[in-house]
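*Asks:* Build the 3D model from these lines:
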Amino acid sequence: MRIRYFAYFYPPCIGGGEVILAQQAKTLARRGHEVHVHCTAFTNLDLSTRTDAGLRVEDGVHVHRHESRVLPFHNPLEKDAVTPGMWRHAWAPADLHVCMGYPSLHLDACSLVHRLRGTPLVVQNYVTADFLDEILDGQGGANKALRSRYWRSWVRRQLAAADLVLADSPVAARGLADRLGLANVAYHMGSGVDPGEFAAVTPTRVAAARAQLGLGTERLILSPSRLSHQKGADLLVQAAGPLLDEGWRLVFLGPINEPDFYRRVQELAAPWGDRIVFGRLERPEFVALLSDAEVICLPSRGEAGGGVVLEGMCAGRTVVTTEGVEAAREDYLEHGVNGLMCPVDDVPALRECLTHAMTQDCSSMRLAARDTVLSRYTWEASVDHLWNLWAQALGGRLG
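*Replies:* Okay, the predicted model is just below:
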């Protein structure tokens, strides 16, 4: 069948939703479907860099990158980008439209096609329950009040008319059902892992990854995520800094989405000199270093799935995260059993978890973490579950 995804971003732009979209698209293409992705040409979530617009086939996926403009003012309703090309492609032949994230102008276009032509429509969302509450409460000024009214009327109407709305955590699914009155919501955590990536790691690849970042043989705490306030790098520096000695380093791997925040984190890290490292790696070296680190830490202030936590678990590392990762909290991570979890924004509690991970025998926890992922959270299993949810919602309309 012909599936058209619509999203603002696609790799090389890096974020959890972008990784999920790419893996779903590639997996479905390998299974024989004609998969198209319509996105902007931006390569960073802050809209600071872009690649060439146009159509390219990447790993069997037809990727349509549309020339887009950045709005010259703060837009309270959606991403600050205008993408008229994507509206036109909503009318292109398709057996299924999938809108990633909302609200968006491409959701409006797909909703119109859904009403006029009957093209099935699925909306896959990665808004956390806390952020949904913030949006709907509308506190904090005129822009946020406008956004709340927009969601409660226009967005709610578009979502209610879709065939299926997927939330990335159980609590987000409940929030959409309870606060917007949606009866078409299901939970599907899009994140997953490819065990073959980790099985292919070699000592040579690990050595190459360490060499690129100037790392010696020290044991590593690795934070493989974007540099943004949401991801909590400042909390990790404050928690881990006092624990670092000549045998340990803290490494941040990820794009800089918020330059001002990055400078603040650098200032916090300055007292520990080269004990704290910032860098980027290509995917093979990234996976190698993730497999080599002692501790994988995502001190997030709030997100739905936490894909890098699953990757750390698959690699057999000791993972440390926060209750802000909703799916980890409600679904796949049990504190002290297959990982460690602390409250959000709690530096002393985060330091306590890190101290445990750095000083105690966590081998049984690591084994349990890997078993959890391999039994439930591979990309193949994730797409199987996704397809089943589509089939339940669409019935005979799913080819």
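*Asks:* What's the first helix or strand after the helix or strand where Gln23 lies?
*Replies:* Gln23 belongs to helix 16-30 when assigned by DSSP states H and E. Downstream of helix 16-30, the first helix or strand assigned by DSSP H and E is strand 34-40.
*Asks:* neighbouring contacts of that following strand?
*Replies:* 1-10, 21, 25-26, 28-29, 50, 60-66, 68, 81, 83, 85-86, 89, 92, 94, 106 (CB atoms under 8 Å, 6 or more residues apart in numbering). C-beta here means a position set from N, CA and C on the backbone, and glycine is covered the same way.
*Asks:* just the CA coordinates of it, formatted as CSV?
*Replies:* Output of strand 34-40 as CSV, limited to C-alpha atoms (Å, rounded to 0.1, in the frame of the first residue of the first chain):
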residue,chain,number,x,y,z
GLU,A,34,5.5,2.3,-0.9
VAL,A,35,6.4,4.8,1.8
HIS,A,36,6.6,8.6,1.3
VAL,A,37,7.8,11.1,3.9
HIS,A,38,6.9,14.8,3.4
CYS,A,39,8.9,17.1,5.6
THR,A,40,10.8,20.4,5.7
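*Asks:* Direction included, what does the next helix or strand after that strand pair against?
*Replies:* Per DSSP H and E, strand 34-40 leads on to strand 54-58 as the next helix or strand towards the C-terminus. Strand 54-58 sits in its sheet next to strand 61-66 (antiparallel), going by DSSP bridges.
*Asks:* contacting residues around the strand it pairs with?
*Replies:* Taking CB under 8 Å, 6+ apart as the rule, strand 61-66 contacts 10, 22, 25-26, 29, 34-41, 51-57, 83-86, 89.
*Asks:* Got a PyMOL select line for the buried ones in the residues you listed?
*Replies:* Listed next is the PyMOL selection for buried residues among these, using 16 or more other CB atoms under 10 Å:
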select buried, resi 10+22+25+26+29+34+35+36+37+38+39+40+41+83+85+86+89
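*Asks:* buried stuff in the helix holding Gln23?
*Replies:* By neighbour count on 16+ other CB under 10 Å, the buried set for helix 16-30 is 16-29.
*Asks:* all helices in the stretch 51-200 of the chain, in order from the N-terminus.
*Replies:* 84-89, 105-117, 129-137, 142-150, 156-161, 170-180, 195-199 (DSSP state H, counting those that start in this stretch).
*Asks:* Can you add mean pLDDT and distance to Asp345 and give the ones you listed back as CSV?
*Replies:* Conversion of the helices of the stretch 51-200 of the chain to CSV gives the following (pLDDT from 0 to 100; distance: least, CB to CB, whole Å):
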stretch, mean pLDDT, distance to Asp345
helix 84-89, 81, 37
helix 105-117, 91, 32
helix 129-137, 89, 12
helix 142-150, 88, 21
helix 156-161, 94, 30
helix 170-180, 92, 18
helix 195-199, 93, 31
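*Asks:* Using CSV, lay out those helices together with distance to Ala328.
*Replies:* Formatted as CSV, the helices of the stretch 51-200 of the chain follow (distance: least, CB to CB, whole Å):
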stretch, distance to Ala328
helix 84-89, 32
helix 105-117, 28
helix 129-137, 13
helix 142-150, 27
helix 156-161, 25
helix 170-180, 11
helix 195-199, 19
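*Asks:* Among these, which comes closest to Tyr262?
*Replies:* Distance to Tyr262, taken as CB to CB, is lowest for helix 129-137 among the helices of the stretch 51-200 of the chain, at 22.0 Å.
*Asks:* and the angle from the closest one to helix 170-180?
*Replies:* Angle, helix 129-137 to helix 170-180, by axes from the mean of the first three to the mean of the last three CA atoms, to 10 degrees: 20 degrees.
*Asks:* Tell me the confidence at Glu78?
*Replies:* At Glu78, the predicted lDDT confidence score is 63.
*Asks:* One more: Phe73?
*Replies:* The model's pLDDT for Phe73 equals 68.
*Asks:* I'd like the distance between Val98 and Trp87.
*Replies:* Plainly put, Val98 is 16 Å away from Trp87 if you go by CB to CB, to the nearest Å.
*Asks:* what about these two, which has more around it?
*Replies:* Neighbour totals were compared for Val98 and Trp87, and Val98 leads with 26 against 19 (other CB atoms under 10 Å).
*Asks:* for that one, what are its contacts?
*Replies:* 3-6, 121-124.
*Asks:* before we move on, back to that, now render the buried residues of helix 16-30 as JSON lines, adding distance to Gly175 and pLDDT.
*Replies:* Shown next, in JSON lines, are the buried residues of helix 16-30 (distance: CB to CB, whole Å; pLDDT from 0 to 100):
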{"residue": "Gly16", "distance to Gly175": "18", "pLDDT": "79"}
{"residue": "Gly17", "distance to Gly175": "18", "pLDDT": "84"}
{"residue": "Glu18", "distance to Gly175": "23", "pLDDT": "88"}
{"residue": "Val19", "distance to Gly175": "23", "pLDDT": "87"}
{"residue": "Ile20", "distance to Gly175": "19", "pLDDT": "90"}
{"residue": "Leu21", "distance to Gly175": "22", "pLDDT": "94"}
{"residue": "Ala22", "distance to Gly175": "26", "pLDDT": "94"}
{"residue": "Gln23", "distance to Gly175": "25", "pLDDT": "92"}
{"residue": "Gln24", "distance to Gly175": "23", "pLDDT": "95"}
{"residue": "Ala25", "distance to Gly175": "27", "pLDDT": "97"}
{"residue": "Lys26", "distance to Gly175": "30", "pLDDT": "95"}
{"residue": "Thr27", "distance to Gly175": "28", "pLDDT": "95"}
{"residue": "Leu28", "distance to Gly175": "28", "pLDDT": "97"}
{"residue": "Ala29", "distance to Gly175": "32", "pLDDT": "97"}
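*Asks:* which one of the residues you listed is nearest Ala381?
*Replies:* Nearest to Ala381 out of these is Thr27 (CB to CB; 10.4 Å).
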